[in-house]
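Engineer: Okay, predicted coordinates and the sequence, questions at the end:
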Amino acid sequence: MRMTKKWRTYLLGYLLILPSFLFLIVFTYYPVFRSVWLSLFQRVSGGVTKFVGLANYEYMFGSRLFKQVILNNLVYSIGSVIPAVLLGLLFAILLNKKLRLRGAFRFSIFYPTMIPIAAASMVWIFLFSQSYGLLNKVLDIISLPSNIDWLNTTPYAMVSIIIVSVWKFSGYYMLLFLSGLQSIDESLYEAAVIEGANSWQKFRKITLPLLSPTTFFVSLMAIINSFQSVDQVYVMTRGGPYNTTNVLLYYIYQNGFVYWDTGLASSASVVLFSILLIFTFVYYFGLQHFVHYER
Amino acid sequence: MRRFLVTALVLLAVFSVTVIAADPIVLRFYFPVGVAGPLARYMGELADEFNKAHPEIIVEPIYSGGYPETLQRSLTASKAGNPPDVALLTAADVWTAVDENIILSLEAFIEAEGGDAFLEPYFQAFLEDCDVAGEMFAIPFQKSTPIFYYNKDMFREAGLDPDKPPSTWVELKDYASKLVKKSGDKTVRWGVEIPIDQWLLSAFIMQNGGVVNNEEGNETYLNSPEAVEALEFMRSLVAEGLTPARRLFGDSSADFVAGTTAMMYNSTGSLTFVRDSATFDWGVAFLPMNVVRAVPTGGGQLVIMSGIPEERQKAAWEFVKWMTLPEQAAKWSMLTGYVAVREDAFDVPAMKEYVEGFPFALKAREQLQYAVGEPPATHAARQIARFMTDALEGAIAGIITPKNALDAAQEEAERVLRPYR
């Protein structure tokens, strides 16, 4: 009798997760395994493919382009994650204070998040234009080098992509930090004031430790994000000049949907999948071990 | 009873209308827009005209993005069992479409129309783009070539004869060094601009007597001495400060009309833009030659998808054939600026008049005698093109020597093409 009741509960649980589980299987797990499978083949004439074992991987890891793509992605990740997270934190701390027009500030920093990145990138193309772009005009006014061909020269093309990403994502990170800040108990600060702590001490000893779960979460989100963003690259530089803004996801897109080299695209997808899987493990492991939680 | 009768009549009427409406064959036609201008609207007008002339067929033109997206959509739709009937593909993608088995060989249709006699009026170089390893898979529709633009006012100012544009590489470099203008370190006017694209690298390779690929499309010769020398020449223009390091086609035509470059290589597709925007005296000429005179073609051709029933294939052929008749070829050329795809289009009265008022269009036609089908004409052509562009960008920027850049491109191409041998 007890047994059946227990089983019924189990059954109900499985039934309830079944719909989303089905979607996961069809749209996530199946494609993952299919990619791994496809990565072992190479296309030959007549819509046929030939089993080549690990040859796609061997070629890819040996190719100059793939090494550069990985390097580009690292530069992009480090270059965009650190400023975006720091700016997000800074804005959150500033806008958590009681300010006039606080809502307006919060909105204006958050709003890039709501613009589709492809549309925003189109606007940025104009800002970056060498001859009539606003950015060069501003640089000219403050007497800095102002004849920069932002999207067509190295390293400015990558810098441009990073600028757009920081502009786009820091508002969202600010929002996450804000919610983290608001969950910190006010009485801790009151106690600290009574003990004679200054603002730096309050920040260093209360805010930062208690915010660490949020910081950890935001940082990992940002890193994962940086491996998944491709829209700016597609719209603004198409990976150029000389592949200096070609990142992993764009490399996959190019090989998969421009060259129709499904085998190579799948191999690169498996690499991307593995990278993201590692970060996901770090996230769950880190949640249990590194982060300060108040229990 | 009366009510029943009325209902029955209405039903009958609806039914018969449906039957009549379902009778004509509806063809779906995927087309890209590759140049500036309201091309989608013109395409709609052209299809309407066809539909009026052919009551048994209705063509539905469907805008499908750029050339790569058009192949993407055709390919994915075909794989999903729901292919369009006709598509407009670039030469590189015709090869991919054949390799993916999604388009029909047109040999049988051409044979039935009279074989070589049917193809005769089309410009030979354009037909080369329709030919995949010796078999016809497409019919040329909107075609272009690169052409040489120069500012006659600046020629006069520099003491050059405005009616004698540079005709060889040596003259090109010589003129460019006379036309370039610097103020301090900054170049205020470039001698010549060459958009960074494998299309033009191919042009230089061919002008130097080189060949990009073999007939069968499974081998490339990217690091041949002719190719290396061609790229070295292009690099020398940049190294000597006559040409900017990186310009795209749009940038160059903008620079040309703004007077920041005295000469440029650009597509015939920019003729209309330059005509409408230039405020100075200018001219066009054949691309300067070195060992031989040569120019690659570009643009799109019409293909018929293979996954459709026979009667639709026939209707699709009717449409493809009609689209490239002299009247339509002339009309499309006048509306868009593409080169008309066949000789006899230039005999259409409206076209004659147009060419008279705009003789540059004739220059583009004359240059076709030196035209060669668009390279690389190979399997996986887009990938090969990318390797070439990478080599070009790297060498032009001075990151890698022309020889090493082309060696790397050839090695990559080898890997991709080996399975097709």
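Structural biologist: In hand now; what should we look at?
Engineer: give me every residue that touches the residue sitting nearest the centre point of chain A.
Structural biologist: Centroid-nearest residue in chain A, with C-alpha atoms, centre = their mean: A:N225, separated by 1.3 Å. Each residue near A:N225 by C-beta atoms under 8 Å, 6 or more residues apart in numbering or on different chains is listed here: A:V81, A:F169. Quick note: C-beta positions are derived from backbone N, CA and C, even for glycine.
Engineer: so what's the backbone phi/psi at it?
Structural biologist: When read as degrees, to the nearest 10, the backbone of A:N225 gives phi -50, psi -40.
Engineer: And it, how close does it get to chain B?
Structural biologist: With distances taken as C-beta to the nearest C-beta, to the nearest Å, A:N225 is found 26 Å from chain B.
Engineer: so what's the residue lying closest to B:V341 once chain neighbours are set aside up against?
Structural biologist: In space, and not counting its chain neighbours, B:V341 is closest to B:P140: 4.2 Å by C-beta to C-beta, 6 or more residues apart in numbering or on different chains. Applying C-beta under 8 Å, 6+ apart, we find B:P140 in contact with B:Y122, B:F123, B:F126, B:L127, B:D129, B:C130, B:G299, B:Q301, B:L302, B:T324, B:V341.
Engineer: Which member of these is positioned nearest B:E412?
Structural biologist: Top of the list for closeness to B:E412, among the contacts of B:P140 and by C-beta to C-beta, is B:D129 at 23.4 Å.
Engineer: does B:M263 count as helix, strand or coil?
Structural biologist: State at B:M263, reduced to three classes by DSSP: H, G, I helix; E, B strand; the rest coil: strand.
Engineer: I'd say B:A91 and B:G373 touch.
Structural biologist: Yes: counting by C-beta atoms under 8 Å, B:A91 touches B:G373, with 6.9 Å between them.
Engineer: which residues do these two both contact?
Structural biologist: The contact sets of B:A91 and B:G373 overlap at B:D129, B:T297 (C-beta under 8 Å, 6+ apart).
Engineer: So which residue is dead centre in chain B?
Structural biologist: Computing the C-alpha centroid of chain B and ranking residues by C-alpha atoms, centre = their mean puts B:G299 first, at 1.4 Å.
Engineer: how about the residue of the stretch 101-250 of chain B found nearest chain A, phi and psi?
Structural biologist: Using C-beta to the nearest C-beta, the closest approach of the stretch 101-250 of chain B to chain A is made by B:N101 at 4.0 Å. Main-chain dihedrals, B:N101, degrees, to the nearest 10: phi 60, psi 40.
Engineer: what do you get for A:S39?
Structural biologist: phi -70, psi -10.
Engineer: Quickly note the distance from it to chain B.
Structural biologist: With distances taken as C-beta to the nearest C-beta, A:S39 is found 16 Å from chain B.
Engineer: That residue: neighbour count?
Structural biologist: Counted with other C-beta atoms under 10 Å in any protein chain shown, the neighbours of A:S39 add up to 24.
Engineer: How about B:E240?
Structural biologist: Number of residues near B:E240 (other C-beta under 10 Å) recorded here: 13.
Engineer: shouldn't it be in contact with B:S177?
Structural biologist: Yes: using C-beta under 8 Å as the test, B:E240 is close enough to B:S177 to be in contact (7.2 Å).
Engineer: SS state for A:L151?
Structural biologist: Following three-state DSSP, the label given to A:L151 is coil.
Engineer: how many neighbours does it have?
Structural biologist: When neighbours are counted by other C-beta under 10 Å, A:L151 comes out with 23.
Engineer: and if you look at A:G53?
Structural biologist: If you count neighbours by other C-beta under 10 Å, A:G53 ends up with 10.
Engineer: Equivalent analysis for A:I184, please.
Structural biologist: A:I184, neighbours per other C-beta under 10 Å, totals 17.
Engineer: Work out for me the element the nearest residue to it once chain neighbours are set aside sits within.
Structural biologist: Once flanking residues are discounted, A:I184 sits nearest to A:L210: 4.8 Å by C-beta to C-beta, 6+ apart. Using DSSP states H and E, A:L210 maps to helix A:208-228.
Engineer: State the mean pLDDT of that helix.
Structural biologist: Averaged over helix A:208-228, pLDDT sits at 89.
Engineer: For B:A36, report the pLDDT, please.
Structural biologist: Model confidence at B:A36, given as pLDDT, is 62.
Engineer: ugh, wrong one, I meant B:D163
Structural biologist: Looking at B:D163, the pLDDT reads 94.
Engineer: Give me the phi and psi for it.
Structural biologist: Torsion angles, degrees, to the nearest 10, at B:D163: phi -100, psi 10.
Engineer: residue contacts, it?
Structural biologist: Neighbouring residues of B:D163 by C-beta under 8 Å, 6+ apart: B:G283.
Engineer: could you measure it against B:E135, distance?
Structural biologist: Distance check for B:D163 against B:E135: by C-beta to C-beta, to the nearest Å, it reads 45 Å.
Engineer: tell me which parts of chain B are close to chain A?
Structural biologist: Listed as neighbours of chain A in chain B under the rule C-beta under 8 Å from any C-beta of the partner chain: B:68, B:72, B:75, B:96, B:99-102, B:186, B:245-248, B:379-380, B:382-383, B:386, B:390, B:393-394, B:397, B:399, B:408, B:412, B:415-416, B:419-420.
Engineer: on that earlier part again, which residues does the residue nearest to the centre of chain B contact?
Structural biologist: Residues in contact with B:G299 (C-beta under 8 Å, 6+ apart) are B:G34, B:T90, B:D129, B:P140, B:F141, B:Q142, B:K143, B:S144, B:Y338.
Engineer: which one is it nearest to, not counting chain neighbours?
Structural biologist: Of all residues not flanking B:G299 in the chain, B:K143 sits nearest, at 4.0 Å (C-beta to C-beta, 6+ apart).
Engineer: before we move on, the earlier item: the residue of the stretch 101-250 of chain B closest to chain A against B:S306, yeah?
Structural biologist: Yes: B:N101 is within contact range of B:S306, at 6.8 Å (criterion: C-beta under 8 Å).
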